[in-house]
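A.B. asks: quick one, structure for this:
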Amino acid sequence: MTERNKDIMKKSQLDRAAFGRRLNSARREQQISSEQLSVLCDLNAVFIRKIESSANLPSLNTFVLLCNKLRISPNFLLSDSLIWNEEDKISDLSNRLRALSPHQLEIVIGTVNVLIDKLTNLDELS
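C.D. replies: Numbers count the residues shown, from 1 in each chain. Here you go, the predicted structure:
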């Protein structure tokens with residue numbers, strides 16, 4: 001079995017702990033308590049905490065609900081269990097940008113534009 005196939009087999013299972021950590025991280029970044037998230041999703045706060053501690057997994061419907069309420073991509077929550085391609089990375093970046101405040105977004109866009117200009121200039125010089 002090739003190394004790539006071994007990696008695919010390893011990634012074919014959900015990393016429950018990483019999923020819970022990412023959910024917790026996304027919730028905290030938005031300064032939402034587990035109780036507030038439970039109200040937003042009409043779920044029990046204990047259930048939210050059990051997902052975050054990897055004791056429980058949400059149903060597919062609850063997973064989609066959590067993503068929508070926190071405005072995060074499924075890729076973000078599953079990224080430790082998925083084999084990514086470039087479209088996934090672009091989608092994840094887009095979702096992360098949507099979660100920023102307008103001021104933060106302006107800073108990021110300005111920074112990215114400078115980086116792209118510098119990279120373009122480097123390519124032109126070579």
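
A.B. asks: look up the closest residue to residue 58, ignoring the ones flanking it.
C.D. replies: residue 51 (5.6 Å; CB to CB, 6 or more residues apart in numbering). Just so you know, the C-beta spots here come from the backbone N, C-alpha and C atoms, and that holds for glycine as well.

A.B. asks: OK, contacts around the one you found?
C.D. replies: 19, 20, 23, 57, 58 (CB atoms under 8 Å, 6 or more residues apart in numbering).

A.B. asks: and with 10 Å instead?
C.D. replies: With contact set as CB atoms under 10 Å, 6 or more residues apart in numbering, residue 51 has these partners: 16, 19, 20, 23, 24, 34, 43, 57, 58, 62, 63, 66.

A.B. asks: so it, which of the three states?
C.D. replies: helix (DSSP: H, G, I helix; E, B strand; the rest coil).

A.B. asks: and what of the one 3 residues further on?
C.D. replies: Residue 54 carries the three-state label coil when classified by three-state DSSP.
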